[in-house]
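Novice: Sharing a model prediction with you, sequence too.
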Amino acid sequence: MTTALPAPVAATVGLTLTDTERHEVEALARLLSGTAPGLVDESRWREAARALACRLPLRIREEIRHYRHDPGPDGLLVLRNLPMDEAWLPETPAVAGSVERQATLPASVVALISHELGEVTAYQAEKSGALVQNVVPIPGMEGSQSNAGSTLLELHVENAFHPHRPDFVGLFCLREHHDGDAGTFVASIRRAVALLPEAVRRALEAPRFVTQPPPSFQSGEAPCHPVLGGDRQDPNVQVDFHATAALDPEAADALESLRTAFLEVAALLMLRPGELAFVDNRVAVHGRTSFRPRYDGRDRWLHRTFVHLDNRRSAGYRPGGGAILL
């Protein structure tokens, strides 16, 4: 990365639950957490999550349904005042590949709401296919361009290299950074596209780019792809500014112009405990500010989920109709 990210205006989109709604969600999460076998990745538990999600407060279901239909100009939905209590939490995990296999209350909250949005999925090559993953800083990985790092994380579409990347990424805050200054950048192509000259758009719409997967996903040569696709009036975006490379100088200039446009329209989201953000992974890129972990058991801790709208499109990647993509 050649330039620093700016400090854009904080995003305010979303819904703040009433205390009554918060209590209703907590009651459902407790039911789900106590459902046998108490394992997030087990099919019976996921069936219970789908069923209980139908009983979420009406305003949450209405907000999610509206967002699913149209993610808005920012591709972002934030739900605030969800149940979260510091007393529920152990120390922040500090080991690579950390996930939530047990049906804790926080995992149950994010699973409930994610199942209302769509089908919760994961990738076998990423964190062993866990459906609820921990985003935490890991000692020795500070400079990593990954969820384990604490350096500035480049703007990217989640799993931009994958033919069945998530439609939505959920980020649920359990514990914020000590100084309250670790944020998530979100930038939508719906806002950025107006800043792109026609010649830049034409270059981005051509298959003149390659996105390299991480080593755990490596499976042959990465295919060429366009960065912008779909409806020209409302395009989708497929890019990772750390892993996507242009195949010629004109395309490289176009890619840098796109990055500049994203930085101009980016919003900064400062998630606090009990706040859940969904990013539409088709129209928005996201990244993270840098921060300094203390590794004292109280570092920043998010739960992450991946959501697909249509599981049938990825059926060939999910043996037995399960939730894990190979």
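Specialist: Ah, there it is. Numbering: from 1, shown residues only.

Novice: residue contacts, Phe217?
Specialist: Tyr123, Ala125, Glu126, Phe161, His162 (Cβ atoms under 8 Å, 6 or more residues apart in numbering). In this view, the C-beta of every residue, glycine as well, is placed from N, C-alpha and C.

Novice: Only whichever of those residues are buried, select them in ChimeraX.
Specialist: Typed into ChimeraX, the line below selects the buried ones among the contacts of Phe217, using 16 or more other Cβ atoms under 10 Å:
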select :123,125,126,161,162
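
Novice: For the contacts of Phe217, could you give me CSV that also reports distance to Ser144, secondary structure and pLDDT?
Specialist: Formatted as CSV, the contacts of Phe217 follow (distance: Cβ to Cβ, whole Å; DSSP: H, G, I helix; E, B strand; the rest coil; pLDDT from 0 to 100):
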residue, distance to Ser144, secondary structure, pLDDT
Tyr123, 18, strand, 94
Ala125, 17, coil, 90
Glu126, 14, coil, 91
Phe161, 17, coil, 94
His162, 19, coil, 94
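
Novice: which among the contacts of Phe217 gets closest to Ala246?
Specialist: Phe161 (15.0 Å; Cβ to Cβ).

Novice: biggest helix in this protein by residues?
Specialist: helix 249-265 (DSSP state H).

Novice: Can you give me the buried ones in it?
Specialist: Ala251, Ala254, Leu255, Ser257, Leu258, Arg259, Ala261, Phe262, Leu263, Val265.

Novice: quick one: which two of those are the most distant?
Specialist: Ala251 and Val265 (21.5 Å).

Novice: so can I have TSV of the contacts of Phe217 showing distance to Asp231?
Specialist: Formatted as TSV, the contacts of Phe217 follow (distance: Cβ to Cβ, whole Å):
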residue	distance to Asp231
Tyr123	27
Ala125	31
Glu126	29
Phe161	22
His162	21
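
Novice: avg pLDDT for the helix or strand hosting Glu47?
Specialist: Assigned by DSSP states H and E, Glu47 falls within helix 43-53. For helix 43-53, the mean per-residue pLDDT is 97.

Novice: what's the answer for stretch 237-248, then?
Specialist: On average, stretch 237-248 scores 97.

Novice: Just the CA atoms of it, as PDB, please.
Specialist: These are the backbone C-alpha positions of stretch 237-248, laid out as PDB (Å, rounded to 0.1, in the frame of the first residue of the first chain):
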ATOM      1  CA  VAL A 237     -17.000  -5.300  -7.500                       C
ATOM      2  CA  GLN A 238     -14.400  -8.100  -7.300                       C
ATOM      3  CA  VAL A 239     -11.100  -6.800  -5.900                       C
ATOM      4  CA  ASP A 240      -8.500  -7.100  -3.100                       C
ATOM      5  CA  PHE A 241      -6.000  -4.300  -3.300                       C
ATOM      6  CA  HIS A 242      -3.500  -6.500  -1.600                       C
ATOM      7  CA  ALA A 243      -4.000  -9.600  -3.800                       C
ATOM      8  CA  THR A 244      -5.400  -8.300  -7.100                       C
ATOM      9  CA  ALA A 245      -2.900  -7.500  -9.900                       C
ATOM     10  CA  ALA A 246      -3.400  -5.900 -13.200                       C
ATOM     11  CA  LEU A 247      -2.200  -7.600 -16.400                       C
ATOM     12  CA  ASP A 248      -1.100  -4.500 -18.200                       C
END
